[in-house]
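>>> I'd like to go over a predicted model; first the sequence, then the structure.
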Amino acid sequence: MKAQDEPLYHSIYRDIASRIISGEYPENYELPTERILSEWKHVSRSTIRRALEFLRQDGYIIKVHGKGNFVKPHVFTQPLAKFYSFTDTLKSDGVIISNEILDCIICAPDNDLQQILNCPADKLFFRLTRLRSALTYPLMLETTYLPKSRFTHLDIDWLREHSLYEYLRKEHALEVTHGQEVFFPTMPSSKERSILNISSTQPCMVVERFSYEGKLLVEFTHSVVRGDKYKFKVNLISSIEQGTSQ
């Protein structure tokens, strides 16, 4: 198709899409109104509406009723069908991961942690605090407790570039047999908001993971996850299908 034969709505679609891809229109950016776009492009509002509809269908923008059209934010999805690693999951999708080590100390549990882990006050843990990011987005603030009686040392430099589970498997022969996760919403503290670079109105999700090696608890992780950037997905199987597959 020659350029002069290209439908007007398609050229407008391509122009807005290219501005989104280049970052000129960043995520959550509010697009100009249909009236402004029609005056800018010298076309009818029906042509603008058609271009916007295709942009929505292709995942470039979202429409918020009563407010307008916005550039769709990038959201990362974590399937929950099996035991997973944040780093491994996103790397398998070609997403660049960064781990900023904010803190790593040996400590005894406070009263709250003693109750959560059902452990004595004199038990020692490695407390590893990391900021987990994907692309340019800080996604989660993660604090992990590892019993020093099971793990004698941690290689902080290695953990900046790799998965914690991969390291524990290779260096400490860890074999996680089962685990449990608890999810609940939260409004992050001012410190958490600052680290995650979010506003005071942005809700987050807390994910607490308990990992076991046989009967031994080998990891407890408390993560504060950005609600606008990360979602968890569960595939449910009916009892009928389960019975058929057995």
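It's in. Residues are numbered from 1 along each chain as shown.
>>> quick one: average pLDDT of the helix or strand containing Ile106?
Here Ile106, judged by DSSP states H and E, is contained in strand 97-107. For strand 97-107, mean pLDDT is 91.
>>> try stretch 9-19
Stretch 9-19 comes out at a mean pLDDT of 91.
>>> buried residues in stretch 226-235?
By 16 or more other CB atoms under 10 Å, the buried positions in stretch 226-235 come out as Arg226, Gly227, Asp228, Lys229, Tyr230. To be clear about C-beta, it is placed using only N, CA and C from the backbone, and glycine gets the same treatment.
>>> Any chance of TSV for those residues, columns distance to Thr144?
Output for these, formatted as TSV (distance: CB to CB, whole Å):
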residue	distance to Thr144
Arg226	18
Gly227	21
Asp228	24
Lys229	20
Tyr230	17
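>>> now, which of the residues you listed lie within strands?
Among the buried residues of stretch 226-235, the ones falling in strands (DSSP state E) are Arg226, Tyr230.
>>> Present the buried residues of stretch 226-235 as TSV; the columns should include pLDDT and distance to Asn69.
As requested, those are exported to TSV (pLDDT from 0 to 100; distance: CB to CB, whole Å):
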residue	pLDDT	distance to Asn69
Arg226	90	23
Gly227	86	22
Asp228	83	17
Lys229	80	20
Tyr230	77	24
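>>> List just the nearest of the buried residues of stretch 226-235 to Val206.
Nearest to Val206 among the buried residues of stretch 226-235 is Gly227, at 10.6 Å by CB to CB.
>>> can you pull the pLDDT of the nearest residue to the closest one once chain neighbours are set aside?
Leaving aside its chain neighbours, Gly227 sits nearest to Pro203 (4.7 Å; criterion: CB to CB, 6 or more residues apart in numbering). Looking at Pro203, its pLDDT reads 88.
>>> could you list every residue that touches Pro203?
Pro203 makes contacts with Pro185, Thr186, Met187, Gly227, as judged by CB atoms under 8 Å, 6 or more residues apart in numbering.
>>> List the buried residues for the biggest helix by length in the chain?
Using DSSP state H, we find that the single longest helix of the chain is helix 8-22. Buried residues in helix 8-22, counted by 16+ other CB under 10 Å: Tyr9, Ile12, Tyr13, Ile16, Ala17, Arg19, Ile20.
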